[in-house]
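Student: Next come a sequence and a model predicted from it.
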Amino acid sequence: MALDMNIDELVVIGDFNLLIHQVQGEWATKNDKIPLYVNLAQRLCKKFRKNEFRYTLRAQNEFADVLATIASMIQHPKRSHIDPLRISLKEGHAYYCHVKAEPDGKPWYNDIKVYLEEWEYPEGITSGKKKPSEE
């Protein structure tokens with residue numbers, strides 16, 4: 001796809017350190033199947049003006065796996081420009097980002113917590129909204 005889009009500089013991020021060093025010609029290949037893959041990758045690298053390989057730990061490569069999954073789900077447009085994908089990383093969980101803060105400054109679950117701990121309804125709740133007690 002990068003060749004189809006006339007990309008001339010490419011950064012390859014991978015979590016297989018052995019393969020990265022083999023493609024760069026730094027390490028030898030011993031497995032019979034790997035040299036074919038390494039040779040193909042090396043030939044492709046020559047088609048770019050500049051290419052760079054970066055190693056990342058597999059645990060830190062989840063983002064790349066997600067992007068690869070997304071890329072496999074969409075069709076490549078027949079044009080030379082694809083609008084950039086804007087991604088922002090959040091500190092908290094995604095569901096937390098969608099919960100709006102309450103005007104009183106307390107978390108959204110505060111009334112539930114108070115009820116479970118003290119069996120008290122929030123102020124302003126009418127008797128019609130209260131669940132009848134089981135006596």
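Tutor: Thanks, I have the structure now. Numbering: from 1, shown residues only.

Student: so which helix or strand takes in the spatially most central residue of the chain?
Tutor: The residue lying closest to the centre of the chain (Cα atoms, centre = their mean) is Phe63, at 3.4 Å. Element membership for Phe63 (DSSP states H and E) is helix 62-73.

Student: Now do that helix: distance to the chain's middle.
Tutor: Mean-position distance between helix 62-73 and its chain equals 8 Å (Cα atoms, centre = their mean, to the nearest Å).

Student: which residues make contact with that helix from outside it?
Tutor: 13, 15, 56, 85 (Cβ atoms under 8 Å, 6 or more residues apart in numbering). To be clear about C-beta, it is placed using only N, CA and C from the backbone, and glycine gets the same treatment.

Student: and if we set it to 7 Å?
Tutor: Residues outside helix 62-73 that contact it (Cβ atoms under 7 Å, 6 or more residues apart in numbering) are Ile13.

Student: Just checking, which helix or strand of the protein averages the lowest pLDDT?
Tutor: Counting by mean pLDDT, DSSP states H and E, the chain has its least confident helix or strand at helix 94-97, which shows a mean of 59.

Student: could I get the helix or strand just after that one in PDB with only the CA atoms?
Tutor: Tracing the chain past helix 94-97, the next element assigned as helix or strand by DSSP H and E is helix 110-118. What follows is helix 110-118, C-alpha atoms only, in PDB (Å, rounded to 0.1, in the frame of the first residue of the first chain):
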ATOM      1  CA  ASN A 110     -22.500   9.000  45.000                       C
ATOM      2  CA  ASP A 111     -26.300   8.700  45.700                       C
ATOM      3  CA  ILE A 112     -26.100   4.900  45.100                       C
ATOM      4  CA  LYS A 113     -23.100   4.600  47.400                       C
ATOM      5  CA  VAL A 114     -24.800   6.600  50.200                       C
ATOM      6  CA  TYR A 115     -27.900   4.500  49.800                       C
ATOM      7  CA  LEU A 116     -26.000   1.200  50.000                       C
ATOM      8  CA  GLU A 117     -23.900   2.300  53.000                       C
ATOM      9  CA  GLU A 118     -26.500   4.300  55.000                       C
END
